[in-house]
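Asks: Sequence first, predicted model second:
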Amino acid sequence: FAISSQMVSASCPSNIALIKYWGKYERQIPANPSISYTLNNCKTNTSMEFLADEEFSVQTFLAGNEEPKFAEKIEKYFRNIEEYLPWILKGKYIIKTENTFPHSSGIASSASGFGAIAKCLMELEQQFSGIQDGDFKVRKASFLARLGSGSACRSLYDGLVVWGRTKEVEDSSDFYAVQYPNDEIHEVFKSFNDWVLLIHEGEKSVSSTVGHGLMNTNPYAERRFQEAHENFALLKDILKSGDMSNFIKLVEHEALTLHAMMMMSDPAFILMKTGTLAVINKIWDFRRETGLPLFFTLDAGANVHLLFPADKDEDQIKEFIVKELLQFTQNNGVVKDVMRF
Ligand code: PMV
């Protein structure tokens, strides 16, 4: 390695899981495989200045919000991945970062944030070692991002992305994410809206780290991990055939299962709010009345991701959202994204 001072930058989107990762083993090994859509507009943009030969330290500057522990967290993360990047502690870092979506919107800024940092690190590694292999670079970035925040490893690829070993997806791995094969996906799933209703903008009462940990003593955990594998087999057929009604059923079931696991933890916790439940019921009524494919998924929080195909029916669905669902948000908060690949 020829280490020198460098300035690099990277941009990385967030993602939203369809089959959820919830529960893990040592060193961020997932208890079950997961699959997500990578978002298009919700991104973190990060620049990283590396000052060689200075004592190891990390300074961070975040546009728009104060997060005093962030530098400490990154420092710890860098120490943690030294065995994979032997040069990493040999300098000082000045990291500037901004999100293109609101802070604490429930959109995973840890996924886009660690994704962008891992990409910057691989830019540095390329400068120092001259590696040329683009696939290796992305895969290692995904591997490194995983060690920052598990779900972040899926943000390194576009489209539908799988993390965790499943027999349903060739090359899938517990150590990094891989892209779901594009020719195995029906066209209707390649152009999808994700509108996030901001039901509650405050801090979550239980972090995802604690939530994952509580799966260790959850009496339903083993069954849940097994079910995630079963759902992969179902999803594979659904994605291929374009079976929208079973897609909706599976995705909503996954979201509710995630939250059911929280309720069955000891101690139990609930991250949904009244507005979350009201929106879910409204969506079900709407589907019953119109038959249109509007459905939801949830992350580890109160906000609701509204999913619907970007096609001929989208205007009618959008009109319904604005008229009937925005009332359950704080300050009419909605973040609009669309996945196209
Ligand atoms: O990446 P973490 O450790 O913050 O876990 C997030 C897990 C969920 O967002 C709830 C589900 C998922 O697969 O993204």
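Replies: It's in. Here the structure is a predicted model, which is why all the values come from computation and not from measurement. Residues are numbered from 1 along each chain as shown.

Asks: so where does E83 fall, helix or strand?
Replies: Assigned by DSSP states H and E, E83 belongs to no helix or strand.

Asks: How much space separates it from the ligand?
Replies: 21 Å (Cβ to the nearest ligand atom, to the nearest Å). The C-beta positions use only the backbone N, C-alpha and C, and glycine is treated the same way.

Asks: confidence score at that residue?
Replies: Model confidence at E83, given as pLDDT, is 97.

Asks: go on, the one 3 residues further on?
Replies: Taken from the predicted model, the pLDDT recorded for P86 is 96.

Asks: Report the secondary structure state of it.
Replies: Secondary structure assignment for P86 (DSSP: H, G, I helix; E, B strand; the rest coil): coil.

Asks: N332 is in contact with L326, isn't it?
Replies: Yes: using Cβ atoms under 8 Å, N332 is in contact with L326, at 5.3 Å.

Asks: All the helices of the protein, in order from the start?
Replies: 70-80, 109-129, 134-148, 208-214, 221-241, 244-263, 274-290, 314-320 (DSSP state H).

Asks: so of those, which one's packed in deepest?
Replies: helix 109-129 (a mean of 24; mean count of other Cβ atoms under 10 Å).

Asks: Give me every residue in the protein lying close to the ligand.
Replies: Contact residues, the chain versus the ligand (Cβ under 6 Å from any ligand atom): 17, 20-22, 34, 108, 110, 149-151, 208, 212, 258, 299-300.

Asks: Can you flag which of these belong to strands?
Replies: 17, 34 (DSSP state E).

Asks: Quick check: buried residues in stretch 19-27?
Replies: Residues 19-24 are the ones in stretch 19-27 that count as buried (16 or more other Cβ atoms under 10 Å).

Asks: Disregarding residues adjacent in the polypeptide, which is nearest to the residue with the largest distance to the centre of the chain?
Replies: Distance from the centre of the chain peaks at D53, with 34.9 Å (Cα atoms, centre = their mean). Spatially, and ignoring its direct neighbours in sequence, D53 is nearest to G91 (6.7 Å; Cβ to Cβ, 6 or more residues apart in numbering).

Asks: and that neighbour, what does it touch?
Replies: With contact set as Cβ atoms under 8 Å, 6 or more residues apart in numbering, G91 has these partners: 3, 5, 50-54, 56.
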